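Chemist: Next input, structure requested:
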Amino acid sequence: MRWGEVVKLSKSDVVAAFKSSPELSEHTAIRQRTLKTAIGCTGIGLHSGAKVTMVLHPAEADTGIRFKRTDIAGRGAIVPALWSNVGDTRMNTCLVNEAGVQVGTVEHLMSALAGSGIDNCLIEINGPEVPVMDGSAAPFLFLIECAGTVEQVLPRRAIRVLKRVTVTDGEKMASLSPASAFSLRFEIDFASQAISRQEFAVTLTRGAFKSEISRARTFGFEQEVAMLRAHGLARGGSLDNAVVIDSTGTKVLNDDGLRYGDEFVRHKILDAVGDLSLAGAPILGAFHGVRSGHALNNQLLRALFADQTAWTYTTVAPGSAAANGFAALPAPEPMVVNG
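Modeler: Coordinates of the predicted model:
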């Protein structure tokens, strides 16, 4: 996908029950946001390798983020972007509705929507996988900035974490703890010398997602390509949409090198932002991941919502410590992304 292919276009049952916060009225809370106008792009699926066209549309308040498969007729074409609809988590996060209709590799787009403060959006897509673009969230952030955002009437709901929730799988761990804003800390450790051990932490205050996280690309290893493709994965993967490490584990094969010195761990945070946005509302809490991936991120949300004492819905007041993390992006400067 190249920038010249991005085309600007003309113009429920997905949100869980909402308990309003007693200390804030709807007149003092931050409002929900959607896109100002529709905008679309064309690209290829990372795993399917198929060409796909996608259009992001404004949506009514309290409808959340929903995908609509335009190649499928009827009500079964709607796939709500919720943790409870996550099916396959092999190398991506794939949503599946009750009719068995799928939309895969949603994590980078969901991350961009969350980082932009978008609560409601209808995403029309003519295939089973979101286009990979350049392997990061930056192209989707660019689309959202071009479309613009608009405030809606209803207050934005947030999920306040009330106590620590942890899930583990061997050496892998993911947790959510109480905090006044949404922050993420991630640790990875690979045998590959090109990656090795990396750790990064960020609080998603205004502008932090764009500057610190959005451009980090997905990554993989040269020796795994044949195996992945034999299992129907990574058929659209290339040096144009992923960071690839050579068979010795010591060298990045991309001519342009890395966008951040620790791009690998930053991409894991980007994935986590997208996976956690499937909670259906912004999270007020601190995420900590150690070698976590899509499967464990989803298990964390399932564990959180399974414990009614671990969370509550609330609203966020303008000017509070949490507000910056949920505010819409400021007027953007032009974004330049190598793709």
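
Chemist: who's residue 314 bridged to?
Modeler: Residue 314 has these beta-bridge partners by DSSP bridges: residue 158.

Chemist: correct me, but it touches residue 161?
Modeler: No - at 10.5 Å, residue 314 does not count as touching residue 161 under the criterion of CB atoms under 8 Å. No exception for glycine: its C-beta is placed from N, CA and C like everyone else's.

Chemist: any residues in contact with both of the two?
Modeler: residue 284 (CB atoms under 8 Å, 6 or more residues apart in numbering).

Chemist: Looks to me like residue 199 is in a strand.
Modeler: Yes - Residue 199: assigned to a strand according to DSSP: H, G, I helix; E, B strand; the rest coil.

Chemist: That one against residue 264, yeah?
Modeler: No - counting by CB under 8 Å, residue 199 does not reach residue 264; the two are 10.9 Å apart.

Chemist: Overlap of the contact sets of those two?
Modeler: With CB under 8 Å, 6+ apart, residue 199 and residue 264 have common neighbours residue 188.

Chemist: the more surrounded of these two?
Modeler: residue 264 (25 against 12; other CB atoms under 10 Å).

Chemist: three-state assignment of the more buried one?
Modeler: Going by three-state DSSP: residue 264 is helix.

Chemist: That one and residue 59, how far apart?
Modeler: 34 Å (CB to CB, to the nearest Å).

Chemist: Then residue 217?
Modeler: 28 Å.

Chemist: between the two, which one's more packed in?
Modeler: Higher neighbour count among residue 217 and residue 59: residue 217, with 28 against 22, using other CB under 10 Å.

Chemist: for that one, what are its contacts?
Modeler: Residue 217 neighbours (CB under 8 Å, 6+ apart): 134, 135, 136, 241, 242, 243, 259, 263, 267.

Chemist: Recalculate using a threshold of 10 Å.
Modeler: 108, 132-138, 240-244, 254, 258-260, 263-264, 266-267, 270, 338-339 (CB atoms under 10 Å, 6 or more residues apart in numbering).

Chemist: Keep only those of those that are in strands.
Modeler: Using DSSP state E, 243, 244 are the members of the contacts of residue 217 that sit in strands.

Chemist: Buried only: go through the contacts of residue 217 for me.
Modeler: Neighbour counting over these (16 or more other CB atoms under 10 Å) leaves 108, 132-138, 240-244, 254, 258-259, 263-264, 266-267, 270, 339 as the buried ones.

Chemist: Stretch 71-87 - what's its average pLDDT?
Modeler: For stretch 71-87, the mean pLDDT works out to 94.

Chemist: got the end-to-end distance for it?
Modeler: 20 Å (CA to CA, to the nearest Å).

Chemist: neighbours around residue 255, how many?
Modeler: 7.

Chemist: Show me how this protein divides into domains.
Modeler: 3-22+31-155, 159-325 (automatic domain parsing).

Chemist: Which of those domains comes out lowest on mean pLDDT?
Modeler: domain 3-22+31-155 (a mean of 87).

Chemist: Tell me the secondary structure at residue 194.
Modeler: Under three-state DSSP, residue 194 comes out as coil.

Chemist: In contact with it, which residues are there?
Modeler: Residue 194 touches 219, 221, 243-246, 248-253, 258, 264, counting by CB under 10 Å, 6+ apart.

Chemist: Name the nearest residue to it, ignoring sequence neighbours.
Modeler: residue 245 (4.8 Å; CB to CB, 6 or more residues apart in numbering).

Chemist: what's the burial count for the closest residue to residue 50 other than its chain neighbours?
Modeler: Distance criterion CB to CB, 6+ apart; nearest residue to residue 50, sequence neighbours excluded, is residue 127 at 5.7 Å. Residue 127 sits with 21 neighbouring residues when counted by other CB under 10 Å.

Chemist: Pretty sure residue 127 sits against residue 68.
Modeler: No - under the contact definition of CB atoms under 10 Å, residue 127 does not touch residue 68, with a separation of 12.0 Å.

Chemist: Tell me who's in contact with residue 132.
Modeler: Per CB under 10 Å, 6+ apart, neighbours of residue 132: 1, 43-49, 52, 92, 105, 108, 139, 217-218, 234, 236-238, 240-242.

Chemist: again, only this time at 8 Å
Modeler: 1, 43, 44, 45, 46, 105, 108, 218, 236, 237, 241, 242.
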